[in-house]
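In: what shape does this take:
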Amino acid sequence: MLLMQFSAQNTDFPSIDTWTPEEIQAHIGFMVDTNGKLAADGELVDGQGLAGPQQARIVRAGAGGAPVVTEGPFAETKEFLAGYWIVDCETPERAVEIAAHISTAPGPGGRPLNMPIEVHPIMSGPPQEM
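Out: A predicted model of the protein is given here:
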């Protein structure tokens with residue numbers, strides 16, 4: 001699983017709500033093209049952009065297992081999950097290659113964003129030693 005984290009502290013570009021429509025279209029076009037190539041290569045399982053933290057909710061089990069929902073992460077949150085891909089690759093190195101490519105998505109002025117992409121193997125079961 002590839003996770004695109006956004007951190008206002010670790011970026012040198014303005015937030016996406018200040019980008020021009022052309023910059024946003026170029027960024028989304030890059031993601032669409034990337035997903036299309038991964039799908040054509042048989043590596044894409046799923047990939048989605050996520051709404052911003054202002055629309056996220058945190059859920060915990062309360063009394064009797066009833067959901068207790070709170071807003072958040074909150075505006076002061078410095079990092080949030082911006083999107084994800086689930087890919088099916090032959091090797092861990094291939095997942096790293098895909099993550100590096102995704103990191104080059106264009107931002108303002110067409111410059112690569114170089115956003116960090118976390119690579120997490122999806123476990124099919126508990127480790128054998130458990």
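In: sheet partners, orientation included, of the top strand by length along the chain?
Out: Looking across the chain with DSSP state E, the single longest strand is strand 79-87. Applying DSSP bridges to the sheet, strand 79-87 is found paired with strand 2-7 (antiparallel), strand 44-49 (antiparallel).
In: could you pull out the buried residues of the first one?
Out: By neighbour count with 16 or more other Cβ atoms under 10 Å, strand 2-7 contains the buried residues 2-4, 6. Yep, even glycine has a C-beta here, placed from its N, CA and C like the rest.
In: likewise for the last one?
Out: The neighbour-count criterion (16+ other Cβ under 10 Å) identifies 44, 47 as the buried residues of strand 44-49.
In: residue boundaries of the strands in this structure?
Out: 2-7, 44-49, 57-61, 67-71, 79-87, 117-119.
In: got those strands as CSV, with mean pLDDT and distance to Pro126 columns?
Out: Below are those laid out as CSV (pLDDT from 0 to 100; distance: least, Cβ to Cβ, whole Å):
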stretch, mean pLDDT, distance to Pro126
strand 2-7, 84, 22
strand 44-49, 94, 21
strand 57-61, 88, 23
strand 67-71, 86, 27
strand 79-87, 88, 20
strand 117-119, 94, 21
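In: mind putting those in CSV, distance to Glu129 included?
Out: CSV is the format used below for these (distance: least, Cβ to Cβ, whole Å):
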stretch, distance to Glu129
strand 2-7, 26
strand 44-49, 27
strand 57-61, 30
strand 67-71, 35
strand 79-87, 26
strand 117-119, 23
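In: for His27, find the nearest of those strands.
Out: Closest to His27 of those, according to Cβ to Cβ: strand 44-49, at 9.9 Å.
In: what does the closest one contact?
Out: Outside strand 44-49, the residues that touch it by Cβ atoms under 8 Å, 6 or more residues apart in numbering are 31, 35, 38, 82-88.
In: out of those, who's nearest Ala66?
Out: The closest of these, once distances to Ala66 are taken by Cβ to Cβ, is Tyr84, at 28.4 Å.
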